[in-house]
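> Okay, structure incoming, though there's no sequence with it:
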Ligand code: B1M
């Protein structure tokens, strides 16, 4: 039993999706509880990936393939996790800002957040302020997460923050932003609650925002 969890852990760290699928199926068939497989096998592996990334031993490609491997395992666990009533870390509405089609970093952030137990409502790319507002209302989200890769699309983040205020929902959500040209200073300037420079930091920031 324990060795299956270890094998899942290693396969997530090494980004071996097919092995993760095979071992998660075996663990479920062996009767291991879904939260144990998730927490001890997968989330702990992603935490390790995040640590290795911060230490410069893993790079974006490794993080991305680990995240994909985790997604493959998560897809199998999802129905069982619902039954087991695992408490969500919070709901996050995420999207790449209006005018911007870059989604690799945003997807990575969404995957890492999902891996850390957040429920993700992914609005995709080129997301208008109106769509962000509607998604916050419809889903009763705790966090709005915006990504921008172009200096020309960054101002849409301010427009979205203002749209949340105008719609009267700004007080019920925390806003976090990121993306290559985005900075901590910029986040402060536009009245966002948090900024993260990369996907592993995004998990830390999101956790601190929901517990604040
Ligand atoms: Co574009 N592009 N691109 N591009 N592109 C950049 C961003 C650019 C820097 C390239 C360059 O000139 N050196 C430049 C922007 C210049 C600027 O504004 N300062 C640029 C440009 C100019 C353009 C076009 C305008 C080119 C053109 O058509 N003339 C055009 C715009 C299209 C549009 O969006 N409207 C365009 C198009 C494209 C492609 C479609 C071809 C493709 C995107 C494919 C896709 O995403 N599906 C593309 C790509 C691939 C890039 C580069 C090469 C790589 C981006 C990437 O995926 N990085 C990029 C150059 C670069 O960044 N060095 C470039 C990997 C990814 C994992 O990192 O997205 O930074 P990143 O995400 C990181 C962090 O930023 C952070 O975490 C992630 C993981 O660590 N993060 C967050 C991201 N979002 C976060 C949110 C958070 C927290 C952290 O909280 C909510």
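Structure received. All values derive from a computational prediction rather than experimental measurement.

> So residue 146 belongs to a strand, correct?
Yes - assessed by DSSP: H, G, I helix; E, B strand; the rest coil, residue 146 belongs to a strand.

> I'd like the distance from whatever helix or strand residue 206 lives in to the chain centre, please.
Assigned by DSSP states H and E, residue 206 belongs to helix 199-211. Relative to its parent chain, helix 199-211 has a centroid offset of 9 Å by C-alpha atoms, centre = their mean, to the nearest Å.

> What are the contacting residues of it?
Contact partners of helix 199-211, identified using C-beta atoms under 8 Å, 6 or more residues apart in numbering, comprise 49-51, 53-54, 63, 67, 89-90, 92, 105, 108-109, 111-113, 115-116, 118, 142-143, 145, 174, 176, 178, 193-196. C-betas here are computed from N, CA, C, even on glycine.

> Please list which of the residues you listed are also close to the ligand.
On the criterion C-beta under 6 Å from any ligand atom, 105, 108-109, 145, 176, 178, 196 are the entries of those that sit beside the ligand.

> Redo those residues as JSON lines? Include pLDDT, secondary structure and neighbour count.
Below are these laid out as JSON lines (pLDDT from 0 to 100; DSSP: H, G, I helix; E, B strand; the rest coil; neighbours: other C-beta atoms under 10 Å):
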{"residue": "105", "pLDDT": "84", "secondary structure": "helix", "neighbour count": "20"}
{"residue": "108", "pLDDT": "82", "secondary structure": "helix", "neighbour count": "20"}
{"residue": "109", "pLDDT": "89", "secondary structure": "helix", "neighbour count": "27"}
{"residue": "145", "pLDDT": "98", "secondary structure": "strand", "neighbour count": "31"}
{"residue": "176", "pLDDT": "98", "secondary structure": "strand", "neighbour count": "24"}
{"residue": "178", "pLDDT": "98", "secondary structure": "strand", "neighbour count": "25"}
{"residue": "196", "pLDDT": "98", "secondary structure": "coil", "neighbour count": "22"}
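
> Out of those residues, which two are the most distant from each other?
108 and 176 (14.6 Å; C-beta to C-beta).

> Next up, phi/psi of residue 117, please.
phi 100, psi 0 (degrees, to the nearest 10).

> Correct me if wrong: it contacts residue 89.
Yes - between residue 117 and residue 89 there is a contact at 3.9 Å, judged by C-beta atoms under 8 Å.
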